[in-house]
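Asks: this one's sequence-less:
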């Protein structure tokens, strides 16, 4: 998606819809981090292999960042939910 398409889509959406759509992007990032982690593991069975260490580090860092962003996205999702008061009342 181009920057212009992203901006146009963002303008056409409510903040709640944007928080919902973020989930797909986070899932993709999570999958990329897992792929990097698998690459690092497959490069060598030796944990001290110089080539696999940076890739494994990047993968683990990506996973932590994705989880942090996902937590904030979930907070936004709950805060912006159109039926927030109904959902909080039943909890």
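Replies: Good, I have the coordinates. Everything numeric in this text was worked out from a predicted model, so none of it was measured. Residues are numbered from 1 along each chain as shown.

Asks: average pLDDT across stretch 31-48?
Replies: Regarding stretch 31-48, the rounded mean pLDDT is 81.

Asks: what's the answer for stretch 72-91, then?
Replies: In the prediction, stretch 72-91 has an average pLDDT of 83.

Asks: elements contacting the helix or strand hosting residue 60?
Replies: According to DSSP states H and E, residue 60 maps onto helix 52-80. For helix 52-80, the contact count by 3 or more Cβ pairs under 8 Å, 6 or more residues apart in numbering; DSSP states H and E identifies helix 15-43 as packing neighbours. For every residue, glycine as well, the C-beta is placed using N, CA and C.

Asks: can you pull the buried residues of the helix it packs on?
Replies: 19-20, 22, 29, 33, 36-37, 40 (16 or more other Cβ atoms under 10 Å).

Asks: same question for stretch 53-61.
Replies: By 16+ other Cβ under 10 Å, the buried positions in stretch 53-61 come out as 55-56, 59.

Asks: most centrally placed residue in this protein?
Replies: In the chain, the residue lying closest to the centroid (Cα atoms, centre = their mean) is residue 26, at 2.3 Å.

Asks: what about it, distance to residue 60?
Replies: Residue 26 sits 16 Å away from residue 60, taking Cβ to Cβ, to the nearest Å as the criterion.
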